[in-house]
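In: Structure for the following, please:
(one chain, ligands or ions: 2)
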Amino acid sequence: MTDSNRIIIFDTTLRDGEQSPGASMNTAEKVRIATQLERLGVDVIEAGFPAASQGDLEAVRTIAEKVRGLSVAALARTSKQDIDKAWEAVRDAARPRIHTFLATSDIHMEHKLHMTREQVIEAVVEAVSYARTFTDDVEFSAEDASRSDRDFLCRVFEAAVEAGATTVNVPDTVGYILPHEFGDLIRYLQENTSNLHKAVLSVHCHNDQGLATANTLAGLEAGARQIEVTVNGIGERAGNTSLEEVVMTLHNHRASLNLFTGVETREIYPTSRLVSTITGIVIQPNKAVVGANAFAHEAGIHQDGVLKNRLTYEIMEPETVGISQNRLVLGKHSGRHAFRDKLAALGYELEEEQFNHLFQKFKDLADKRKEILDEDIEVLYAEEILRAPDFYRLEYLNVVSGTQLVPTAMVKLAMDGVEMQSAGFGNGPIDAAYNTIAKMTGTRSKLMRFSISSASGGTDALGEVTVRLKENGFVALGKGADPDIITASAKAYVNGLNRLEYLKRNPSLSPEERGL
Ligand code: KIV
Ligand code: ZN
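Out: Ligands and ions are numbered 1, 2, ... in the order given. So this is what the prediction gives:
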């Protein structure tokens, strides 16, 4: 392997990924993901779009200060104001990058930008040259490149590289191109742009036709050496190229493709879970590499084959992506030591106080259930990392519902240490519980997302509920887990309210401190 076979992984989970509907994250959550991305071994993280809001700028700045082992990029349009903000955000990074972009397709230039081709080239040159006055790591992206006139694109890239761009990126912004066409485009650009060899050529694909991974691989085969990806493929509309799919394909086919990355593949699964927990975006069970069923063999013939030799039906081992096959099942007699070992095998790190809290939750569950599976521990862990100070604590919940009853909830809450009790109605038992809790706490939050999933199979599985609440401009995620899904729902709601309350009571905190 030579350096020319080394693929640069540019992760944009915190920027394009955050553009997924409902996926906005607070600063502390972003720092947590950025720290995990560093552990995963990506080369560049795009931490945000500082010109979008002051909160975004401060989040990028915090990441730039704290996460030192990789390059931190900030996105900017071609205006000086945007570039100034991007620089303000990344200037203290160990390796700061400014990423500026402008659309180059006729449809965007005519209808969105109202700019001629010459004006676009001029703006790109000005922006790249200006960004180069701050840092020698400048990326230029030609938005909607895949629908742009090829010769014009060559001219734009030539001008960008001439002005000092060190990476030029070819986005398939609308996810429209076919793999063979994309490979062809990447080859064409290299053959027809005189100075392209002086910059790193990058690809950035969207998944509107389910082709983002195939297109990214086609780009690599044609000579691109940076790929822009997100964890779990989250992103605008149908999402971006999923990091884990491309990285594992390169890993599985390293002998024939002869391309490699710096990714520590065993960190893929913990990273995927963390992103899902923090964004509240549930991973589909059949998702390649990280879905719950990605390594499950259901058909008898398959099970028989795998038992005889895993290679019959498994093209990669779950351990390679960090899915522990140490299926040592824990139960109520398992002690702290076994529990700590299990957390380590799952790739989870916790501070002592969080560990103690999680261990207690595990013990409570083990009192109700004979066996505690890895999936249960993953759910309890997700609940733990979103824990907030207990302004409200659910002490008691009783719901009655059925075909002939008006669903009713009786709730006892400790509020700032004082116990209160009330009852209320709703369209269903969860609605009744939420109405009662809202009435008791006097809160008026809007429920922006409610999702329910089960940690494992079976009717006694641990239910995991995620909510996203909004009140007075504050947004908070809440999680709850319990074998009883109504209780899990109430816990998630109370957790979300606690996180909102924390924000409301601390308006003067910095964005990072305000994030829980
Ligand atoms: O999809 C796109 O074109 C983008 C650019 C800003 C790189 O996200
Ligand atoms: Zn994009």
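In: Any regions of the protein where pLDDT drops low?
Out: For the chain, applying pLDDT under 70 flags the ranges 1-2, 326-327, 457, 507-516.
In: where does it come near ligand 1, residue by residue?
Out: Residues of the chain lying close to ligand 1 (C-beta under 6 Å from any ligand atom) are Asp16, Phe101, Ser141, Glu143, Asn169, Pro171, Thr173, His204, His206. In this view, the C-beta of every residue, glycine as well, is placed from N, C-alpha and C.
In: Of these, just say which sits nearest to Asn506.
Out: Distance to Asn506 across the residues of the chain next to ligand 1 (C-beta to C-beta) is lowest for Asp16, with 30.1 Å.
In: So Gly458 versus ligand 1, what's the distance?
Out: 42 Å (C-beta to the nearest ligand atom, to the nearest Å).
In: doesn't that residue fall inside a strand?
Out: No - using DSSP: H, G, I helix; E, B strand; the rest coil, the assignment for Gly458 is coil, not a strand.
In: For the residues of the chain next to ligand 1, work out which two are farthest apart.
Out: Taking C-beta to C-beta, no two of those sit farther apart than Phe101 and His206, at 14.1 Å.
In: Using a markdown table, lay out the residues of the chain next to ligand 1 together with secondary structure.
Out: Below are these laid out as a markdown table (three-state DSSP):
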| residue | secondary structure |
| --- | --- |
| Asp16 | coil |
| Phe101 | strand |
| Ser141 | strand |
| Glu143 | strand |
| Asn169 | strand |
| Pro171 | strand |
| Thr173 | coil |
| His204 | strand |
| His206 | strand |
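In: and those as CSV, adding neighbour count?
Out: Shown next, in CSV, are the residues of the chain next to ligand 1 (neighbours: other C-beta atoms under 10 Å):
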residue, neighbour count
Asp16, 24
Phe101, 23
Ser141, 24
Glu143, 20
Asn169, 26
Pro171, 23
Thr173, 24
His204, 29
His206, 25
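In: Pull the contacting residues for the residue nearest to the spatial centre of the chain.
Out: Against the mean C-alpha coordinate of the chain, by C-alpha atoms, centre = their mean, the closest residue is Val275 at 3.9 Å. By C-beta atoms under 8 Å, 6 or more residues apart in numbering, the residues touching Val275 are Thr13, Gly17, Ile33, Val231, Asn232, Ile234, Ile281.
In: can I assume the fourth one is in contact with Leu243?
Out: If I follow you right, that is Val231. Yes - with contact defined as C-beta atoms under 8 Å, Val231 reaches Leu243; the gap is 5.3 Å.
In: Name the residues contacting each of the two.
Out: Asp11, Thr13.
In: List the contacts of the closest residue to ligand 1 within the stretch 351-500 of the chain.
Out: Ligand 1 sits closest to Val475 of the stretch 351-500 of the chain, with a gap of 22.7 Å, by C-beta to the nearest ligand atom. Val475 is in contact with Ser24, Asn26, Met448, Arg468, Leu469, counting by C-beta under 8 Å, 6+ apart.
In: so is it in a helix, a strand, or just coil?
Out: Per three-state DSSP, Val475 ends up strand.
In: for it, which residues make a bridge with it?
Out: Beta-bridge pairing for Val475 (DSSP bridges): Lys470.
In: Who are the packing partners of the helix or strand hosting Glu244?
Out: Following DSSP states H and E, one finds Glu244 within helix 243-252. Counting contacts by 3 or more C-beta pairs under 8 Å, 6 or more residues apart in numbering; DSSP states H and E, helix 243-252 packs against strand 8-11, helix 212-221, strand 226-229, helix 268-279.
In: can you redo these as CSV with distance to Arg444?
Out: Shown next, in CSV, are the helices and strands packed on helix 243-252 (distance: least, C-beta to C-beta, whole Å):
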stretch, distance to Arg444
strand 8-11, 37
helix 212-221, 40
strand 226-229, 39
helix 268-279, 24
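In: Most tightly packed of these?
Out: Most buried of those, by mean neighbour count (mean count of other C-beta atoms under 10 Å): strand 226-229, with a mean of 26.
In: what are the pairing partners of that one, and which direction each?
Out: Paired with strand 226-229 in the same sheet, following DSSP bridges, are strand 8-11 (parallel), strand 200-205 (parallel).
In: okay if I get these as a markdown table plus distance to Thr320?
Out: Shown next, in a markdown table, are these (distance: least, C-beta to C-beta, whole Å):
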| stretch | distance to Thr320 |
| --- | --- |
| strand 8-11 | 17 |
| strand 200-205 | 24 |
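In: Which part of the stretch 1-150 of the chain gets nearest to ligand 1, residue-wise?
Out: Of all residues in the stretch 1-150 of the chain, Ser141 sits closest to ligand 1, at 3.8 Å by C-beta to the nearest ligand atom.
In: doesn't Asn169 make contact with that residue?
Out: Yes - using C-beta under 8 Å, Ser141 makes contact with Asn169 at a distance of 4.0 Å.
In: got any residues that touch both of these two?
Out: Here Ser141 and Asn169 have His99, Phe101, Ser202, His204 as joint contacts, going by C-beta under 8 Å, 6+ apart.
In: Tell me which two in those are the farthest apart.
Out: Phe101 and Ser202 (11.6 Å).
In: The one residue in the stretch 201-350 of the chain that gets nearest to ligand 1 pairs with what?
Out: Proximity of the stretch 201-350 of the chain to ligand 1 (C-beta to the nearest ligand atom) peaks at His204, 5.1 Å away. Legend: beta-bridge partners of His204 under DSSP bridges are Pro171, Glu228.
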